[in-house]
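J.: Would you be able to build a 3D model of this:
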Amino acid sequence: MKGFKTFSQANKNRYSEAEKWKASGGKVVGYISGGVPEEIIMAAGLFPLRLAGDIHRETSLADDYMEFNFDPIVRSLYDMLLSGEFDFLDCLVIPHISDSIFKLYYYLMENKRKGYPPHLPDVYLLDLLYTKWWQTGRYNLARLHDFKKKMEAIAGQAVSDEDLGDAIATVNENRRLMRAITRKRRHFPPLISGADALEIVAASTVMKKADHNLLLKNLLDDENLFTPKASARLMFSGNPLDGTDLYRLIEGCDATIIFENHDWGSWQGDHEVAEDEDPMSAISEKYHLHAISPRVFPAAECHHEMLTTATETAVDGVIFFVPPHSAASWDYPEKKEKFEREGMKTLLIQSDKDMLRNTKPVVEIVQDFVSGLERLI
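T.: Reported below is the predicted structural model:
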């Protein structure tokens with residue numbers, strides 16, 4: 001299996017590598033969202049596995065406990081946990097990265113207190129903060145030392161600075177390779193679709209990083225796989241996507257998504273962990289000052305970075321994806337205003353469980369949007 005199919009196949013069998021690791025006697029630590037330091041999990045000899053939700057899933061189990069106005073991805077993950085789909089996990093790490101994800105921790109702890117369902121994994125709250133103050137940095141470093149102790153307890157072994165350094169180097173290499181993919185996305189014209197790039201990012205969260213690095217090197221060495229795509233250049237903003245269906249639908253309308261600002265996208269390659277400093281301090285600094293999180297503070301910095309990147313990469317238009325009850329709805333009006341003030345056209349896509357079963361209405365509005373863009377390139 002060659003090229004992009006390797007990554008898409010890994011995502012179709014999303015948890016197979018982790019389950020094989022578990023079956024061979026290893027331990028698996030699941031996590032939600034992009035704000036959990038994989039480096040610490042890897043340094044302990046554990047398998048880090050990012051869990052993916054499904055906004056189109058029927059959630060009858062979660063509906064018995066959870067209010068209707070929860071983020072749809074969080075609701076679907078809760079339903080999967082209740083159903084036993086993740087009973088192979090030795091621990092589930094939940095970061096304090098959004099209100100819905102934070103509340104999921106309390107829902108699961110109440111489930112565990114009541115003993116139902118009996119197969120829930122151990123649940124750990126990683127309480128990192130995102131205000132860019134000195135005191136916050138000290139608080140976060142202490143929490144990460146606690147997290148390291150938790151991982152050591154699960155692994156049954158101590159984690160040395162050398163272990164952390166090796167893990168940091170492996171993940172940093174992955175970030176550099178990811179940035180090479182990002183450059184191809186932003187090329188004039190783009191050399192890779194947004195959907196294929198998303199597959200690559202997602203695959204990095206379900207296999208060993210060293211294996212993903214090797215696959216990426218092989219991919220990047222084959223220039224024949226990267227062909228110019230003369231199409232409208234779009235930015236995608238809003239709710240994170242745990243799959244590529246919507247990207248493929250949009251890119252089937254003579255468009256290419258060249259970057260996004262959610263935590264499944266190109267941000268995964270940004271900002272390496274310093275390799276010449278105390279490893280725990282360097283990890284803390286990276287995940288504090290360069291967090292991939294909707295709670296980045298001040299929000300104006302995030303908005304400015306998005307706008308600057310959109311301008312530098314000659315974006316023709318911006319698509320916002322804001323499902324009902326999504327945290328992305330809070331700052332959508334402000335983002336929309338900022339982009340339109342700079343002369344960029346925007347489109348809002350909202351969603352329900354039937355959106356990808358009946359795609360015609362979405363295709364029509366995307367086609368109308370793309371056809372009305374004044375292309376810069």
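J.: Mind telling me what element Met235 is part of?
T.: Per DSSP states H and E, Met235 falls inside strand 232-238.
J.: Any idea how many residues pack against Glu301?
T.: 11 (other Cβ atoms under 10 Å). All C-beta spots, glycine's among them, are computed from the backbone N, C-alpha and C.
J.: What of the one 5 residues further on?
T.: Each residue near Met306 was counted by other Cβ under 10 Å, and the total is 20.
J.: Run through the residues that contact it.
T.: Counting by Cβ atoms under 8 Å, 6 or more residues apart in numbering, Met306 makes contact with 235, 237, 261, 335.
J.: Single out whichever of the residues you listed has the smallest pLDDT.
T.: Lowest-confidence member of the contacts of Met306: Asn261, scoring 86 (pLDDT).
J.: Compute the number of surrounding residues for it.
T.: Neighbours around Asn261, by other Cβ under 10 Å: 23.
J.: Where does pLDDT dip in the stretch 1-150 of the chain?
T.: Within the stretch 1-150 of the chain, the stretches with pLDDT under 70 are 1.
J.: Would you map the strands across it?
T.: Under the criterion DSSP state E, counting those that start in this stretch, the stretch 1-150 of the chain contains strands at 28-31, 47-50, 91-95, 123-126.
J.: still on that earlier bit, could you give me the average pLDDT of the helix or strand that the strand holding Met235 is followed by?
T.: Remark: after strand 232-238, the chain's next helix or strand is helix 245-251, criterion DSSP H and E. For helix 245-251, mean pLDDT rounds to 94.
J.: So which other helices or strands are in contact with helix 245-251?
T.: helix 194-203, strand 232-238, strand 255-260, helix 360-371 (3 or more Cβ pairs under 8 Å, 6 or more residues apart in numbering; DSSP states H and E).
J.: ok, and what's touching it?
T.: By Cβ under 8 Å, 6+ apart, helix 245-251 touches 193-195, 198, 231, 234, 236, 241, 257, 319, 321, 349, 355-356, 359, 362-363, 366.
J.: Relative to Tyr15, which of the strands of the stretch 1-150 of the chain is closest?
T.: Evaluated over the strands of the stretch 1-150 of the chain, closeness to Tyr15 peaks at strand 47-50, with 6.9 Å, by Cβ to Cβ.
J.: Next, the buried residues of stretch 34-54.
T.: Of the residues in stretch 34-54, 34-54 count as buried by neighbour count, 16 or more other Cβ atoms under 10 Å.
J.: average pLDDT for the longest helix along the chain?
T.: Taking DSSP state H as the criterion, the chain has its longest helix at helix 161-185. For helix 161-185, the mean pLDDT works out to 97.
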